[in-house]
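need a structure here:
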Amino acid sequence: MNREILRIALPSIVTNITVPLLGIVDLAIVGHLNNEAAIGAIAVGGLIFNMVYWLFNFLRMGSSGLTAQAFGRHDLVSIRKVLRMGLTVSLLCGIVIFAIQRPMEWVSHIIIAPTEQVWDLALQYFRMRIWAAPAVLALFAMNGWLVGNQNSRYPLFIAVGQNLLNIAASYLLVFHVGLGVKGVALGTVIAEYAGVGAAICWCRHQLKLSTELFTKNVDKPLSAGFEQENVDNSKDYTLSYQQFFTVNRDIFFRMICLIAVTTAFTAFGARLGDTLLAVNALLMQLFTLFSYFSDGFALAGEALVGKYFGLAQAEGNHGLAKVNEVVKRLFTWGGGVLLLFTLLYILLGKGIIGLLTDDTLVVEAALPYLPWAAAIPLCGMAAFFWDGIYIGATATREMFQSLLIGTVCFFVARYALCHLLRDANDALWISFLLYLIMRGAYLTWRWRSVTRSALRVDR
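Predicted coordinates:
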C-alpha cells in the first residue's frame, strides 16, 4: 500500500511544483525587457487568470474521484463517460469565459486598480492568453481523469513538456519576433494547446491500458472478478449526468469559499500597511510550499480511496477494508510530512524568508509572525489529506460544508479577535489557522457516516 501511495504522490508533488512555472516563465522573460509596466502587466494578468482558473478546478477534482471509483469497479463505460463529460463541460466553460471577457476586464480593473500604462499592457496580455481558456480547462479534466486511472506520471510529463515549450515559444516571440507582452501570452497559449494535444494522446493510451487490464483481469490489488456471493450484480453503477453535475456543483461552491478566504486574507493584510502586506505574502509562501507536498499525498488519496470505494460498491467489506487501510497509511505519511515541515519552519524559517527577499526591514517584521506560519502544517495537514480522501469518496457535499464552516469561522474569528488583540495581524493569522483546523475537524467527524451512507455497509 505504501508503494501505491508513493507511486501516485511523488509525481504529483513534482507536478505541483512545475505548474506555477508557466507564470514564472512569463514574468522572467518580461523582466528582461527593461519595462516596469510590462512586469506589472504580467503580474496583473496572471492574477486574473489564476483566480478564474482556480474557480474551475472542480473539473479536475470531480473527474478524479468519479474515474477512480469506476476504475475500482472495472467499469469501463463510466470511465469513458467521465472523460467525455469532463471535456464537454470544459469546452462549454471555456467558451463562457471567452464570451464574458469584457465584464471580467471591467471587474478586474475596479478590484486591482492598476495604473493606466500597466492596464493597457495587461489588456494585451489578457486578450491574447484568454484564447487558451478551453485548453486549460480541458487539461484540468484530463489530468483528473488520468489520476483517477491511478496514473500521475502522465500529468507530470504534460506539465514538464508545457513548461519547456512555453520557455522556447515565449523567448522566440518576445526577443526574435518582437511581440513584447503579446508574445509572452501567445507563447503560453501555444504551450497550453500543445499540452492538450499531448494529454489527448496520453488519455487514449491510458484508456487502452485500462481496457486491457480489466479484460485480462490482472489487477492484483483488486478481486479477481465480481462473481462473489456478496456482489449486487443487478445494480447499475453507470455514471449519470446528475451524479457528475452534483459532484462538480459542490466542488464549485467549495472553491468560492476557498477564494473568499484567500482574497480576504490578502485584503485584510493590505489594510495593515505595505510592510505587513509584504510579510504576509512571504509567509504565505511557506503555506504554498507545504501545500505542494500535502496535495501530492491528497492526490494519492483521491486515486486510491476512489479505487477502493469503487471496489466496495461492488463487493462490500473487502473494498471497505482497503479504504480504511489507505486512510490509515495516508495519515501515517501525513504525520511525517507534518513533522518535517514544522521542524523546517522552526529551524530555518528566518533563512527561508531571507531567501525570498533582501529587504531586511521586511525580514525583521516577519519574525514575530513566523510561529504562526510554523503552525500551518499542524493545523492544515488533516484538512489537506481529508480533502483528497473525500474527493475519492465523492463525498463532495461534506467537503463544501467543511469549507463553509471554516469560512464562517475565519470571518467571525477575525472580527472578534481584532477587538480582543492589540496586533491585528496576529488576529488575522489566528483566524486563518482556525479556518484550517475547523475544516479538518469537521471532515474527521463526518468520515464514519460518509463510509456508512456511501457504501451502505454495516461496520
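
Hmm, Asp26 and Ala38 touching each other?
No: the criterion here is Cβ atoms under 8 Å, and Ala38 misses it with Asp26 at 10.3 Å. For glycine as for every other residue, the C-beta is placed from the backbone atoms N, C-alpha and C.

In contact with Ser170, which residues?
25-26, 29, 183-184, 186-188 (Cβ atoms under 8 Å, 6 or more residues apart in numbering).

ok, these vs Asn16, which is closest?
Set against Asn16, the nearest of the contacts of Ser170 by Cβ to Cβ is Val25 (16.4 Å).

per-residue confidence for that closest one?
Note on Val25: pLDDT of 69.

what's the neighbour count on the nearest residue to Ile190 once chain neighbours are set aside?
Excluding the flanking residues, the one nearest Ile190 by Cβ to Cβ, 6 or more residues apart in numbering is Ala169, at 4.7 Å. If you count neighbours by other Cβ atoms under 10 Å, Ala169 ends up with 20.

Next one: Arg3 relative to Ala300, how far apart?
11 Å (Cβ to Cβ, to the nearest Å).

Name the residue in those two with the higher neighbour count.
Between Arg3 and Ala300, counted using other Cβ under 10 Å, Ala300 has the larger neighbour count: 31 against 6.

can I assume the more buried one is in contact with Ser12?
Yes: judged on Cβ under 8 Å, Ala300 makes contact with Ser12 at a distance of 7.0 Å.

Identify the contacts common to those two.
Ser152.

Need the contact partners of stretch 387-396.
Residues contacting stretch 387-396 (Cβ under 8 Å, 6+ apart): 61-62, 64-66, 68-69, 243, 246-247, 250-251, 254, 295, 297-307, 309, 323, 326-327, 330, 398-399, 443, 446-447, 450-451, 454.

switch to 6 Å and redo it
Residues from elsewhere that reach stretch 387-396 (Cβ atoms under 6 Å, 6 or more residues apart in numbering): 61, 65, 68, 247, 250-251, 298, 301-302, 305-306, 309, 327, 399, 450, 454.

ok, now stretch 431-443?
Contacts with stretch 431-443, where a contact means Cβ under 6 Å, 6+ apart, come from 265, 375, 379-380, 382-383, 386, 402, 405-406, 409-410, 413-414.

Repeat that for stretch 256-276.
So stretch 256-276 is contacted by 277, 280, 365, 403-404, 407, 410, 424-425, 428, 432 (Cβ under 6 Å, 6+ apart).

Now, the residues you listed that are in helices?
The helices, defined by DSSP state H, take in 277, 280, 365, 403-404, 407, 410, 424-425, 428, 432 from those.

can you tell me which two in those residues are farthest apart?
Ala365 and Leu404 (33.4 Å).

Correct me if wrong: Phe71 contacts Tyr308.
No: taking Cβ atoms under 6 Å as the definition, Phe71 is not a contact partner of Tyr308, at 10.0 Å.

Now for the protein, the helix or strand with the poorest mean pLDDT.
Here the helix or strand of the chain ranked lowest by mean pLDDT, DSSP states H and E is helix 21-30, holding a mean of 68.

next SSE after it?
The helix or strand immediately downstream of helix 21-30 is helix 36-55, counting by DSSP states H and E.

can I have that following helix written out in CSV, keeping just the CAs?
The C-alpha trace of helix 36-55 is given here as CSV (Å, rounded to 0.1, in the frame of the first residue of the first chain):
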residue,chain,number,x,y,z
GLU,A,36,8.4,48.1,-15.3
ALA,A,37,4.9,48.5,-16.7
ALA,A,38,5.3,45.2,-18.6
ILE,A,39,6.3,43.4,-15.4
GLY,A,40,3.3,44.8,-13.7
ALA,A,41,1.0,43.9,-16.6
ILE,A,42,2.1,40.2,-16.5
ALA,A,43,1.5,40.2,-12.7
VAL,A,44,-2.0,41.7,-13.1
GLY,A,45,-2.9,39.4,-16.0
GLY,A,46,-1.6,36.4,-14.2
LEU,A,47,-3.6,37.2,-11.1
ILE,A,48,-6.8,37.4,-13.1
PHE,A,49,-6.3,34.1,-14.8
ASN,A,50,-5.2,32.4,-11.5
MET,A,51,-8.4,33.4,-9.8
VAL,A,52,-10.6,32.4,-12.7
TYR,A,53,-8.9,29.0,-13.3
TRP,A,54,-8.8,28.3,-9.6
LEU,A,55,-12.6,28.6,-9.6
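
which of the residues in that helix are buried?
Along helix 36-55, these residues count as buried under the neighbour rule (16 or more other Cβ atoms under 10 Å): 37-46, 48-49, 52-53.

List the residues that contact the residue nearest to Leu66 when sequence neighbours are not counted.
Among residues not flanking Leu66 along the chain, Val82 sits closest, at 4.9 Å (Cβ to Cβ, 6+ apart). The neighbours of Val82, taking Cβ under 6 Å, 6+ apart as the test, are 63, 66-67.
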